[in-house]
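1. sequence unknown, structure follows:
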């Protein structure tokens, strides 16, 4: 087991830090932004018959991209005993739900905290404070 890992996440990317590592692993989300159409605009892309927007298809694609992103993160965290997730918005809670839905994460200690955009040094300092093991995360 890797012991513990920290994750900073938003919709664009995730950072994963682990003890005894001199760098943060960064994963790009590759999630296409999904904006529900409100109608009326001429600049929209037309899909389907009679010029209807196929919102369900766009939303499904967006959800699949999010799930693939969370799966990639989950694979990186699979050998951790303890995980600390931080970040703005709802991405951290969605990742938490994805981890909790996986039976292999049921015995792992998972905590989360809301934070704004952090520098790498701020992220590592937050992990050191949370885990109480400053020697493992270079700050």
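-> That came through, no problem. Just so it is clear, the structure is predicted and the values come from calculations on it, not from any experiment.
2. how about the strands in the chain?
-> Read by DSSP state E, the chain holds these strands, from start to end of the chain: 3-9, 13-17, 25-28, 80-87, 109-114.
3. Give me the contact list for the third one.
-> By Cβ atoms under 8 Å, 6 or more residues apart in numbering, the surrounding residues in contact with strand 25-28 are 12-17, 69, 72-73, 76. C-beta coordinates here come from the backbone N, C-alpha and C atoms, glycine included.
4. how does it look with 10 Å?
-> For strand 25-28, the external contacting residues (Cβ atoms under 10 Å, 6 or more residues apart in numbering) are 5, 7-9, 12-18, 69, 72-73, 76, 120.
5. Out of the strands of the chain, indicate the one that is most buried.
-> The highest mean neighbour count among the strands of the chain, using mean count of other Cβ atoms under 10 Å, belongs to strand 3-9: a mean of 23.
6. Who are the packing partners of that one?
-> When contacts are defined as 3 or more Cβ pairs under 10 Å, 6 or more residues apart in numbering; DSSP states H and E, strand 3-9 sits against strand 13-17, strand 25-28, helix 55-77, strand 80-87, helix 91-101, strand 109-114, helix 120-131.
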